[in-house]
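Visitor: Got a sequence here, can you build the structure:
(one chain, ligands or ions: 1)
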Amino acid sequence: MAAKIIDGKQIAKEVREQIKKEVAELGFKPGLAVILVGDDPASQVYVRNKHKSCGEVGMYSEVHRLPAETSQEELLQLIDKLNNDDKIHGILVQLPLPDHIDEKMVIDAIALEKDVDGFHPANVGNLVIGDDCYYPCTPHGCMVMLEKCGIDPKGKKAVVVGRSNIVGKPVAMMLLAKHATVTICHSRTQNLAEECRQADILVAAVGRPEMITGDMIKEGAVVIDVGINRTEDGKLVGDVHFESAKEKASWITPVPGGVGPMTITMLLQNTLEAAKRSAKK
Ligand code: GUN
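Guide: Numbers count the residues shown, from 1 in each chain. Model prediction:
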């Protein structure tokens with residue numbers, strides 16, 4: 001079987017058009033504050049793209065670029081200021097943070113109603129119990145892609161490879177909420193290939209270039225590749241070996257152009273949602 005491609009770029013475009021329309025109808029601008037500490041090159045690109053994307057859908061955004069030596073106290077003070085700023089509906093602290101800053105303390109300090117990244121422990125707890133929450137952006141993007149392709153996880157066997165707090169764990173919870181039978185695999189899983197071959201829906205989020213190969217995929221499976229890895233020759237590849245996997249899968253996300261464009265889109269969606277909720281208060 002040659003897989004159909006899940007076109008993340010196109011889906012992201014459609015969702016952003018809808019967001020833009022809703023922003024225009026809102027009567028005020030949703031506001032996002034992004035904080036970047038230090039000069040990690042990848043983070044700089046992400047933050048620039050987030051800022052640009054906000055402008056494209058008519059949102060207000062401000063970027064706080066802080067030097068790598070910024071103290072934890074200074075960062076917490078800025079978060080406190082943004083928590084109390086009425087024009088800001090969402091706050092995102094770009095990760096990773098420099099080693100001298102305690103990531104957990106920083107995430108905990110973001111007001112729950114402005115946690116558009118969905119990383120605050122109370123948000124994560126609400127996700128687990130199925131209560132009102134912001135879905136973390138990358139896993140949310142994966143779920144929207146499934147939905148847009150008419151793929152219902154109900155009753156299906158889903159295998160998630162990777163157990164990070166940002167992707168693996170939350171996407172497993174979201175698939176469970178959609179009534180999939182979910183297995184989470186990780187670096188200590190015995191016989192990973194065998195586990196993967198059980199999957200009707202396979203989500204790869206390990207950060208290891210092309211480690212999921214076609215022989216690990218069940219005929220007709222849906223494959224969502226969250227990995228973005230740069231090879232030695234500068235090429236971007238996912239966690240899935242695309243060429244062999246596409247011969248087995250029924251649907252597959254490419255890298256680039258798959259999950260990637262969805263992440264910022266879902267950040268915009270969460271910021272819009274945060275703005276709507278603030279207006280109801
Ligand atoms: N670094 C890599 N991905 C993310 C993300 O989704 N949010 C934040 N805040 N930092 C990241």
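Visitor: does Asp86 count as helix, strand or coil?
Guide: Look at Asp86: counting by DSSP: H, G, I helix; E, B strand; the rest coil, its state is coil.
Visitor: check which helix or strand covers the closest residue to it other than its chain neighbours.
Guide: Once flanking residues are discounted, Asp86 sits nearest to Ser278: 7.9 Å by CB to CB, 6 or more residues apart in numbering. For glycine as for every other residue, the C-beta is placed from the backbone atoms N, C-alpha and C. Counting by DSSP states H and E, the element that carries Ser278 is helix 260-280.
Visitor: Contacts only, for the closest residue to Lys169 other than its chain neighbours.
Guide: Nearest non-adjacent residue to Lys169, counting by CB to CB, 6+ apart: Arg163, 5.9 Å away. With contact set as CB atoms under 8 Å, 6 or more residues apart in numbering, Arg163 has these partners: 169, 184, 186.
Visitor: Can you add neighbour count, secondary structure and pLDDT and give these back as TSV?
Guide: Listed next are the contacts of Arg163 as TSV, based on neighbours: other CB atoms under 10 Å; DSSP: H, G, I helix; E, B strand; the rest coil; pLDDT from 0 to 100:
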residue	neighbour count	secondary structure	pLDDT
Lys169	20	helix	98
Ile184	19	strand	98
His186	13	coil	97
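Visitor: closest to the ligand among the residues you listed?
Guide: The nearest member of the contacts of Arg163 to the ligand, counting by CB to the nearest ligand atom, is Lys169 at 13.5 Å.
Visitor: Tell me the confidence at Lys280?
Guide: Each residue has a pLDDT score; the one for Lys280 is 86.
Visitor: Can you give me every residue that contacts it?
Guide: Counted by CB under 8 Å, 6+ apart, Lys280 has zero contacts.
Visitor: hmm, back to that, kindly provide the distance from the residue nearest to Asp86 to the ligand.
Guide: 20 Å (CB to the nearest ligand atom, to the nearest Å).
Visitor: just Met59 next, same as before
Guide: For Met59, the distance to the ligand - CB to the nearest ligand atom - is 17 Å.
Visitor: does that residue really touch Asn270, like I thought?
Guide: No. Between Met59 and Asn270 there is no contact under CB atoms under 8 Å: 11.3 Å.
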